[in-house]
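Trainee: What would the 3D arrangement of this be:
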Amino acid sequence: MDGGARRWWTALAVLALLVHLGALYWPVVTVVGPVSWSDKAVHVVVFAVPTYVVGTVVARPGWVVLAFALHGLVSELSQHLLLPGRSGDPWDVVADVVGVAVAAAGLVVGGRGRRC
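Mentor: The predicted model follows:
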């Protein structure tokens, strides 16, 4: 990856991480009506995009995949135990790990996974 592309991917990685952390740790999320399965799709995307983008930038994407997979569990426990306006959901952890797996598959197909 040349310098210009690396800078672009790095900026995208920072943005993806900020959105990721904001979505997971915003103190209060107001949901009108029952939570639908579309929430799980959001979890897949919120984990797949930053895992893929950060995995593209770093030298050892396998560590990124592991870190994001573990972060799925940590974020739900944090929401449940530490954020009064939020609640943890085991199915969200499943959706998070699915997002990480999708990103890991993309890294492998894109040729980045062999550096894990």
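
Trainee: Spatially central residue for this structure, please.
Mentor: Nearest to the mean C-alpha position of the chain, by CA atoms, centre = their mean, lies Phe47 at 2.1 Å.

Trainee: looking at it, that one is touching His20, isn't it?
Mentor: Yes - applying CB atoms under 8 Å, one finds Phe47 in contact with His20, separated by 7.4 Å. Just so you know, the C-beta spots here come from the backbone N, C-alpha and C atoms, and that holds for glycine as well.

Trainee: how about the strands in this structure?
Mentor: Using DSSP state E, the chain contains no strands.

Trainee: in it, which ranges drop under the pLDDT threshold?
Mentor: For the chain, applying pLDDT under 70 flags the ranges 29-35, 113-116.

Trainee: I'd like to know how many residues surround Ala48.
Mentor: 23 (other CB atoms under 10 Å).
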